[in-house]
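Asker: sequence and predicted structure below; questions after.
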Amino acid sequence: MSTILVIAEEKNHRIRNATLEVLTAAAGLAARDGDRVAVLLPSSAAVDDSASLAACGADRLFAALDPRLGVYHPDLYKQVVLNAVQACGADLLLFSATAMGRDLAPRVAVALSAPCLADCTEVTMQNGTLTATKPLFAGKVLGRFVVNGNRKVLSLRAGVFPIIERRPGAEIAPEPLPVPDSAFPLQVTPAAAPDAGRMDVADADVVVTGGRGLRSAENFTLVEELADALGGAVGATRAVVDSGWRPHREQVGQTGKVVSPNLYFMIGASGSIQHWAGMSGSRCIVAINKDPNAPIFQRADYGLLGDLFEIVPALTAEIKKRSA
């Protein structure tokens, strides 16, 4: 019997949806061969909804609790993961392809001398052979890989795998995992907290992204108002972030965040291949642009051709009226 180890992430002491997606995928793989699924939860304190981990298929839960884990520190987190691997004998490690997962997974893979495949959108196990699919060349093609080795490390793209409660109401007792006392030369400074009222684009079901067609930072109020009306998050293109109009945490694209919401609005942006790499997993894409030749119109499910300064306020007003 093998063990799959899922490295969990929490935010504001609640399990992130991206973790539950990875856990669901792990439970699906384990069910085929009767393997076990273990979860490592590094956190500064106990989380409020750890029962969701058991519901989604976790058989064991290692809780590494320490105030130092409140801020992601690559060396400390790597050692905690290695301790968990030793404790459960995992031969497959699954991370979410979040900012933390993308940084931590290859560090752990090097320490384990294991192969590492990032940003996977499909994972299957057949006759003991692990096969994974991932986008290549900014999403232009899909690569299919057979992953070999005594231990394997993968990160899974957020928003691609559904969350399935396989054991509703199940409970699991956390097993304390010691946190190393070692001092690390790298010092990590906590990032500035985002606006409390703003949702993270990586966790949102609806994302409204603005591009250079908005002309100025002040005009992003149009995007904010539409996002608020839809109960969604505000996103931005790289050009907007580079211009200083919006913070980097809102950037969607190859050099920003990868999102897979149910609804994605793209306002005043052409839809470059680099941006497409970050939002191609969106289930429904609506583009608003006055340029009929904008590349996004070739990929969007719905396109509104016209002046965004007329369309967006009218659309927001209509949504608010119907929601009242």
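Answerer: It's in.

Asker: alpha carbons only for contacts and neighbour counts from here, please
Answerer: Noted.

Asker: just say helix, strand or coil for the residue nearest the centre of the chain.
Answerer: Nearest residue to the geometric centre of the chain (CA atoms, centre = their mean): Ala158, 3.7 Å. Counting by DSSP: H, G, I helix; E, B strand; the rest coil, the backbone at Ala158 sits in coil.

Asker: doesn't Leu20 make contact with it?
Answerer: No - between Ala158 and Leu20 no contact is recorded; they are 9.8 Å apart, counting by CA atoms under 8 Å.

Asker: check contacts around Asn148.
Answerer: Counting by CA atoms under 8 Å, 6 or more residues apart in numbering, Asn148 touches Pro115, Thr129, Leu130.

Asker: any chance of a PyMOL selection covering the buried ones in those?
Answerer: PyMOL command restricting the contacts of Asn148 to the buried ones, with burial defined by 16 or more other CA atoms under 10 Å:
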select buried, resi 115+130
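
Asker: a markdown table for the contacts of Asn148, including pLDDT and secondary structure?
Answerer: A markdown table is the format used below for those (pLDDT from 0 to 100; DSSP: H, G, I helix; E, B strand; the rest coil):
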| residue | pLDDT | secondary structure |
| --- | --- | --- |
| Pro115 | 96 | coil |
| Thr129 | 88 | strand |
| Leu130 | 93 | strand |
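
Asker: between the contacts of Asn148, which is closest to Ile163?
Answerer: Of all the contacts of Asn148, Ile163 sits closest to Leu130, with 21.1 Å by CA to CA.

Asker: what sits against the closest one?
Answerer: Counted by CA under 8 Å, 6+ apart, Leu130 has contacts Val123, Thr124, Val146, Val147, Asn148.

Asker: which of these are buried?
Answerer: Here, 16+ other CA under 10 Å leaves Val123, Thr124, Val147 buried among the contacts of Leu130.

Asker: tell me the pLDDT at the second one?
Answerer: Per-residue pLDDT puts Thr124 at 93.
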